[in-house]
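[1] Requesting a structural model of the entry that follows:
(chains A and B)
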Amino acid sequence: MQRSRARHPLLPNLDESIVSAMLQRAGASSVDDLFSDIPPKLRLKRRLNLPEGGSEYAVRREVQARLAQNKTPPGSLCFLGGGVWPHYVPAAVESITSRQEFYTAYTPYQAEMSQGMLQALFEYQSLMCELLGMEACNSSLYDWASAAGEAVRMAGRVTGRKRVLIAGSAGSQRVDVIRTYTEPMGLQLESVAFDPGRGTLDAADLKKKLSDDVACLYMENPNFFGVIEDQIPGLLEDVHRAGGLAVVGVDPISLSLVREPGACGADVAVGEGQPLGIAMNYGGPHLGIFGVRDIKLARSMPGRLIGITSAVADPNRRAFAMVLQAREQHIRREGATSNVCTNQSLMAVAAASYLSLLGKEGFRRLGETIISNSHYAARRLSRIQGLRSPHFRGAFFKEFAVSYRKAKAEAVYRRLARKGVLAGYPLRRSYGLGAEAGLYCVTEVHTAEDIDRLAEALEGAV
Amino acid sequence: MKFRQAYWDEPLLNELSRPGRVGTSVPSDPKVASRFADPASLVPASVRRGSVDLPELSELQVLRHFNRLSQMNFSVELGMYPLGSCTMKYNPKVSEALAGADQMKNAHPLQPAETVQGLLSIFYELERSLSEVTGMHRFSLSTAAGAQGELAGVLMIRKYLREHGGAGRDEILVPDSAHGTNPASAAMAGFKVVKIPSDASGQVRASAVRDLCSDRTAGMMFTVPNTLGLFEGEVAEVCQAVHSAGGLMYYDGANMNALLGRARPGDMGFDIVHLNLHKTFATPHGGGGPGAGPVGVAKKLADYLPVPVIAKKKGVYGLDYGLPHTIGPLKGFVGNSAILLRAYVYIRLLGASGLADVSSLAVLAANYLWKSLDPEAFPASQGGGLVRKHEAVVSVKSELPGAALTVAKAILDYGMHAPTVYFPLIVHEALMLEPTESEPVEMLDEYAAALAEIYRGMKDGTLGPVPKNTSVGKIDEVKASHPMTLRVHW
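    Numbers count the residues shown, from 1 in each chain, chains lettered A, B, ... in the order given. Coordinates of the predicted model:
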C-alpha cells in the first residue's frame, strides 16, 4: 500500500491483516513485490497528481453543488430537439432500469443464469420489429448517429458499390458521423437537395443522382426540420429500381402516427431510441436502433442478436440465447460485421418497458398529444412579428423550423436561454435554408401555458 | 454456497396482453386538445399509420413482468462475477443517485454551454484526471464504449499518417492474445491486420515485433497487461521498435485496473490510449452496456481527437468541435455523459491514494485466487512463474471435451458467475479469472473451493448435468442460431 489506511467502503481487503494473509498465499513478500515485473524505468515513482478521496457525503455535496449550476427543467423550459428530445419518462420505467439485477450485470454470456436480460432484450427486438416494420432488429447500438454509420457501411459491404446519397434534410450530427464511419471504405457521400418551400426531399434531384453505382440512400423521416416526408414510398422505390438499399432514420415516437419505414420500403431502419423512456442525459447514454426488413440481411448486421430456443433437456421449456455470433468480433475478429461489443442493453430494457407501459392505445394517444401540441405552438408563434412559423410548408410531427426576418438565429437562441427558455437551436448555414432559422421541438411535456411562455420570450428576442 | 435461482415461467409481453388496458397515462392539455378534433389527419394520408400493435398491460403487470425477469438475471450485487477482462467491480450507489439528478437527466446536449457549466466543469476535471492517470496529453470523452475508443484510435493513426507522408502504411500489428475488438477495429479503419505471435511465456517480444515491422506498418494495438494477466515486460522496446519503423502505438486500456498509480501508458511510449470507464472506473455494465470509452493522445495527436472535446476559455467551459485535424465525431452529441459523471464520482471517492489501492488490491486478489487453485487441475499454460496483474488465466486439465465449458456451467450452480472461457484463444480450455478489488477474501476462498469441488466431480464422474440450479438448465444454443428466432410475430 502506498499509504496505510484502515478502511474504505469500496475496498474490503484493505486492512493490513488481510493483506498480509493474502500475500502469503500469493507467494509475495509485499504488495510492491506483485508489481516487480514492471521494469523500474516504467514505474510511476510519485503519487498521482489528483486530490485525495472524499467521503460519500462530501463528494455528493460537491457534485450536487456543481450540477446545481446547470439550467435544466423543471427550472427552465426546454424546447430543444434535433435528435434528443424532452419526453416524460414514467416512474415505472425508472423503477425497472434501477433494478440492480439488470444494471450491475454484463452481457449475458452465461445464458442459463441471465435469462432475464436475454428475454427482456428479445422482447425489445420484437417490439422494435413491430414498430419499424422490420424482420430483424439487433439488441442495440450506441445511438442513432453511430447506427446510421453502421447501416451505411453495411450497405457498402452488401452492394459492393461506392456512392452514397444522403438527404440534405438529414441531421448534420448523423451525417458527420456517417462520414467518419465510412471514410476508410472509400465511400463517396453526395447530398440530395430538398424542396426549399416544403422542406421535403427533392424527388427530381434524387432521380438525377441515382445510378447503378449507388450503394444506398440515407434519409430521415421526419427529417431534421421535423417535416414528414410524404413522398417517401415513391422515393425508396426509385432507390430500389437503381439496385440500391434504402436506409431510413426515424424518431420512433413519430411511428405512432407516421407509417413505419418497413411499409414505406426501407431495407434498413435506424433511429434514436432516447424518446422511449430514456432521459436526455446531456447526450447519452441513448439507444441506437438498427433493423433490417429482409431476414437474409440479418447475417450481415452489426450488433448482438438474441434468439428464442429451449433447454437441451426439455424442448418445451422456452429459453433465450445470443445467436448468429459468428458475425461478431469475439469470433470473427477482423472479418466481423462490426467491432461493437459493449452496447446499450440497459437502454433497450428501458425502451421495452416504456413501450409495454404505453401499449397500443397509449402510444397512439401520445402521438396525438405531440402533434397537437406542436401545431398549437407553431400557430401561436406565427402570431409574432418578425418571424415565419413554421418556416416550411410541409407537414410536421413534433419539430418545426422558425425563420427570423431580421434577427440572427444564434442571438435568438442565446436571448431565449437567458430568459430560462432553451429553444430555437440555430440551423447551420450549411443546410442552405437561405434564412436565419431555429429548430423548435414541442412534445407531451409542454402545456399551453409553457407554449405561451415560449411565445412571450420569443417576442422579445426577435 | 447453496443457491437456487428464481424461475418464473414468464410469458412474453404479447402473451400477457389483453385489449383495453394501458400501463401509463399520457399528458394532454385540454386547452390544446380541444382545438384538434382529429390530430392524426395532420399527417398526410400517403404516410399515415393505422395502428401499432403493442401489448396492452396495466402498470403493475408491466412491473411484475420485468421484475420477474430481473430475478432471473445474475449480477454483481448478487454474487461474485469474475468475468475476465470485463472488470466486474462494484458500482457505488452514490454514483447512481447523482446520475439521477434532474440537472443531469434533463440537460439537453444542444443547450448553450453557458447553461450547463456545472456538468462541463466536471467533464473538464474528469479529462484532466484521466490524462494524469494515463500520462497522456489530452482526452476526448465522446466515444461511447471501448470498441468505439479503439476505432477512434486507429482512425487517428490513419489520418495522422496520411498527413505525414505515410499513406502507404496499411498494416496494423495485433498480438494473438488481443481482444477481438482490436482486429475488428483495425479492419473497420481500412487496415490489414498482422498477427504477432506471443512467446512461450505468453508475452510479446520486441524482436518478434521488429521482424514484422516494415514501411507498411501503420501501428500496433497493444493490451498491457495482456489478456493472460501478464505485464508486457518489453513494452518500452516494442514501442521503440514500432516508432522507429514509422508507426504509432495504441494502448488498449481494457486492463488498466492493474496499473492505477503504478505505471502509465504515456510513460511507456504509447501515442494513443482508450479507457473503459465501465471497467476500471466502476460505472455499471448495464447488462451489456452502456459504457464509455474515452480516448487519450500524446501532444502531437491532440488535434486529431474525435470531437467534441471539452474546452475551457477564460474560465468558461464549452464544447469544441473545431479541432483542425479531427477524425470527426463517432457519436452524436457529447458522449455518454451520465456514465462520465459516474466515473468522476468514483475518482473523487478514491482519490490519488485510493486509486493506487484499487490496483494493488485487484492485483493481490488475482494472484491470491490463482494461487488458491490446484495447479494440477488448473495449470497456467503460459508464464507459470510470472506474477499476475488484474487477472489469471488457467487451463482445465481434463480428457473430457469442452472441459472449460463444463466448469463454467457448474460454477453457476454455486451462485457465482463463470470466468470468461475459451479466451484468450492461445490458451487450451481457458478459464480467465478477474476477481477485482471488490470481492472480500472469503468470497475468493469460496470460489476456489467450488472450482476444486467441480474438478473432483468431473474426475470421478459424479458431477452430473450442469447447470441445475439456474433458472433453466443447459440451453440449446445451436437451435437458436437461425434468423427466424429473432422476433415474435403477433
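
[2] if you go through the stretch 101-250 of chain B in chain order, where are the strands?
    Taking DSSP state E, counting those that start in this stretch as the criterion, the stretch 101-250 of chain B carries its strands at B:138-140, B:171-175, B:192-196, B:217-223, B:248-253.

[3] Comparing these, which stretch has the densest surroundings?
    Mean neighbour count (mean count of other C-beta atoms under 10 Å in any protein chain shown) peaks for strand B:248-253 among the strands of the stretch 101-250 of chain B, with a mean of 29. C-betas here are computed from N, CA, C, even on glycine.

[4] In this structure residue A:78 contacts residue A:420, no?
    No - look at residue A:78 against residue A:420 with C-beta atoms under 8 Å: they stay out of range, at 10.1 Å.

[5] Show the pLDDT at the residue positioned nearest the centre of chain A.
    Centroid-nearest residue in chain A, with C-alpha atoms, centre = their mean: residue A:143, separated by 3.1 Å. pLDDT recorded at residue A:143 is 98.

[6] before we move on, the earlier item: reformat the strands of the stretch 101-250 of chain B as TSV; add distance to chain A.
    Shown next, in TSV, are the strands of the stretch 101-250 of chain B (distance: least, C-beta to the nearest C-beta, whole Å):
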stretch	distance to chain A
strand B:138-140	12
strand B:171-175	8
strand B:192-196	4
strand B:217-223	11
strand B:248-253	12
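
[7] For these, please prepare JSON lines with the additional fields mean pLDDT.
    Supplementary listing: these in JSON lines, determined by pLDDT from 0 to 100:
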{"stretch": "strand B:138-140", "mean pLDDT": "98"}
{"stretch": "strand B:171-175", "mean pLDDT": "98"}
{"stretch": "strand B:192-196", "mean pLDDT": "97"}
{"stretch": "strand B:217-223", "mean pLDDT": "98"}
{"stretch": "strand B:248-253", "mean pLDDT": "98"}
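
[8] Adding distance to residue A:138, write the ones you listed out as CSV.
    Shown next, in CSV, are the strands of the stretch 101-250 of chain B (distance: least, C-beta to C-beta, whole Å):
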stretch, distance to residue A:138
strand B:138-140, 26
strand B:171-175, 25
strand B:192-196, 24
strand B:217-223, 25
strand B:248-253, 24
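
[9] so where do the helices sit in the stretch 101-250 of chain B?
    All helices of the stretch 101-250 of chain B, identified by DSSP state H, counting those that start in this stretch, fall at B:102-105, B:117-134, B:146-162, B:181-188, B:206-212, B:235-244.

[10] shaky segments in chain B?
    B:1, B:483, B:490 (pLDDT under 70).

[11] cutoff 90 now
    B:1-2, B:50-51, B:381-385, B:399-401, B:425, B:476-490 (pLDDT under 90).

[12] Is the top helix by length along it in proximity to chain A?
    Looking across chain B with DSSP state H, the single longest helix is helix B:337-371. Yes - judged by C-beta under 8 Å from any C-beta of the partner chain, helix B:337-371 and chain A are in contact via B:337-339, B:341, B:344-345, B:347-358, B:360-361, B:363-365, B:367-368, B:370-371.

[13] Where do the helices of chain A begin and end?
    A:16-26, A:56-67, A:91-97, A:100-103, A:115-132, A:144-159, A:172-182, A:203-209, A:232-241, A:261-264, A:329-332, A:345-382, A:409-418, A:448-459.

[14] got the ones you listed as TSV, with mean neighbour count columns?
    As requested, the helices of chain A are exported to TSV (neighbours: other C-beta atoms under 10 Å in any protein chain shown):
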stretch	mean neighbour count
helix A:16-26	16
helix A:56-67	16
helix A:91-97	20
helix A:100-103	22
helix A:115-132	28
helix A:144-159	26
helix A:172-182	23
helix A:203-209	15
helix A:232-241	18
helix A:261-264	22
helix A:329-332	18
helix A:345-382	25
helix A:409-418	19
helix A:448-459	18
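
[15] Any idea which of these has the lowest pLDDT on average?
    Looking at these, the weakest mean confidence is helix A:329-332, a mean of 88.

[16] Those residues of the stretch 351-462 of chain A touching chain B, which are they?
    A:352-353, A:355-369, A:371-373, A:375-376, A:395, A:397, A:413-414, A:417, A:422, A:425, A:444-445, A:447-448, A:451.

[17] ok, residue A:282 - contacts?
    B:104, B:107-109, B:116, B:119, B:333-334, B:337-338 (C-beta atoms under 8 Å, 6 or more residues apart in numbering or on different chains).

[18] Isn't residue A:461 up against residue A:412?
    Yes - shown here, residue A:461 and residue A:412 form a contact pair, counting by C-beta under 8 Å, at 4.9 Å.

[19] Could you count how many residues lie near residue 73?
    Just so you know, I chose chain A. 19 (other C-beta atoms under 10 Å in any protein chain shown).

[20] Actually, chain B is the one I wanted.
    Residues near residue B:73, counting by other C-beta under 10 Å: 26.

[21] Correct me if wrong: it contacts residue A:102.
    Yes - shown here, residue B:73 and residue A:102 form a contact pair, counting by C-beta under 8 Å, at 6.3 Å.

[22] got any residues that touch both of the two?
    With C-beta under 8 Å, 6+ apart as the test, residue B:73 and residue A:102 both reach A:116-117, B:287.

[23] out of everything not next to it in sequence, what's closest to residue A:354?
    Distances taken as C-beta to C-beta, 6 or more residues apart in numbering or on different chains put residue A:277 closest to residue A:354, at 2.9 Å, once the chain neighbours are dropped.

[24] ok, that neighbour - contacts?
    With contact taken as C-beta under 8 Å, 6+ apart, residue A:277 is in contact with A:89-90, A:93, A:97, A:350-351, A:353-355, A:357.

[25] Can you pull the phi/psi pair for it?
    Per-residue torsions, residue A:277: phi 90, psi 20 (degrees, to the nearest 10).

[26] Please identify the buried residues of stretch A:38-47?
    For stretch A:38-47, a neighbour-count test (16 or more other C-beta atoms under 10 Å in any protein chain shown) marks A:38, A:42, A:44 as buried.

[27] Filter these down to the ones in strands?
    Counted as lying in strands by DSSP state E, out of these, is not a single one.

[28] can you tell me which of these are up against chain B?
    Counting by C-beta under 8 Å from any C-beta, the members of the buried residues of stretch A:38-47 near chain B are A:38, A:42, A:44.

[29] what's the closest of those to residue B:229?
    residue A:38 (13.5 Å; C-beta to C-beta).

[30] how near is the closest one to residue B:206?
    Using C-beta to C-beta, to the nearest Å, residue A:38 is found at 16 Å from residue B:206.

[31] how does chain A divide up, domain by domain?
    For chain A, automatic domain parsing gives the domain ranges A:6-47, A:77-89+A:359-459, A:91-354.

[32] Need the distance between the two termini of the last one.
    Distances were taken as C-alpha to C-alpha, to the nearest Å; on that basis the terminal residues of domain A:91-354 are 10 Å apart.

[33] Distance from the chain centre to it, please.
    Taking C-alpha atoms, centre = their mean, to the nearest Å, the mean C-alpha location of domain A:91-354 is offset from the chain mean by 10 Å.
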